[in-house]
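S.K.: missing the sequence, but the structure's below:
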């Protein structure tokens, strides 16, 4: 696989990229970056071990054009909701104090997943982003603008009720 990669990109690529190929084979990256709007107010939970975590959702939009049967184009927007958790105490304080529903944010973090046992006994895998850095880019929009932009409701994020309350212990 890497040989094919090197052969395909050898012409026109710098020698640095080619020399990094052995390093890339041994390395993996778990990085998520989201740019969107907060979908619900930040919920802060304090656990028995004294740690606090906050949970919220972020909506990201993808715009595309759909071809209609009559040949005309119609613009479409696909909204995707992402569950976010932050466990760094300084980040939790910042989020709970300054960020609210509708705020435009840039989130850097890592993808995490866990299994939930359904009522019928089957396991379902759920995912979230463990935020390591959040930058508030803009304050919330007015309620009227928010309603016009998103028709969906954010997904409820209650990790504590779905397993032992610590998504890091999976």
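M.R.: All right, it came through fine. Note that this is a predicted model, so its numbers are computed, not measured.

S.K.: does the nearest residue to residue 68 once chain neighbours are set aside belong to a helix or a strand, and which?
M.R.: Of all residues not flanking residue 68 in the chain, residue 74 sits nearest, at 5.6 Å (C-beta to C-beta, 6 or more residues apart in numbering). (C-beta placed from N, C-alpha, C; glycine too.) Following DSSP states H and E, the helix or strand that holds residue 74 is strand 73-86.

S.K.: Give me the sheet partners of that strand and which way each runs.
M.R.: Here strand 73-86 is paired, per DSSP bridges, with strand 52-67 (antiparallel), strand 123-138 (parallel).

S.K.: quick revisit: my guess is the residue nearest to residue 68 meets residue 64, correct?
M.R.: No - taking contacts as C-beta atoms under 8 Å, residue 74 lies outside contact range of residue 64: 10.0 Å.

S.K.: Flag every buried residue along stretch 81-100.
M.R.: 81-88, 91-92, 94-96, 99-100 (16 or more other C-beta atoms under 10 Å).

S.K.: Over to stretch 50-70?
M.R.: 53, 54, 55, 56, 57, 58, 59.

S.K.: Could you check how far the third one is from residue 33?
M.R.: According to C-beta to C-beta, to the nearest Å, residue 55 and residue 33 sit 19 Å apart.

S.K.: and of the buried residues of stretch 81-100, the nearest to residue 123?
M.R.: Among those, residue 83 lies closest to residue 123 (C-beta to C-beta), at 17.7 Å.

S.K.: what's the pLDDT at the closest one?
M.R.: Note for residue 83: predicted pLDDT of 96.

S.K.: what's the answer for residue 38, then?
M.R.: 94.

S.K.: Check the secondary structure at residue 93 for me.
M.R.: helix (DSSP: H, G, I helix; E, B strand; the rest coil).

S.K.: Hmm, I typed the wrong one, I wanted residue 119.
M.R.: Relying on three-state DSSP, one would call residue 119 coil.

S.K.: what's the burial count for it?
M.R.: 5 (other C-beta atoms under 10 Å).

S.K.: For it, give me phi and psi.
M.R.: Phi and psi for residue 119, reported as degrees, to the nearest 10, are phi -60, psi -30.

S.K.: what's the spacing between it and residue 128?
M.R.: According to C-beta to C-beta, residue 119 and residue 128 sit 21 Å apart.

S.K.: Sounds good, over and out.
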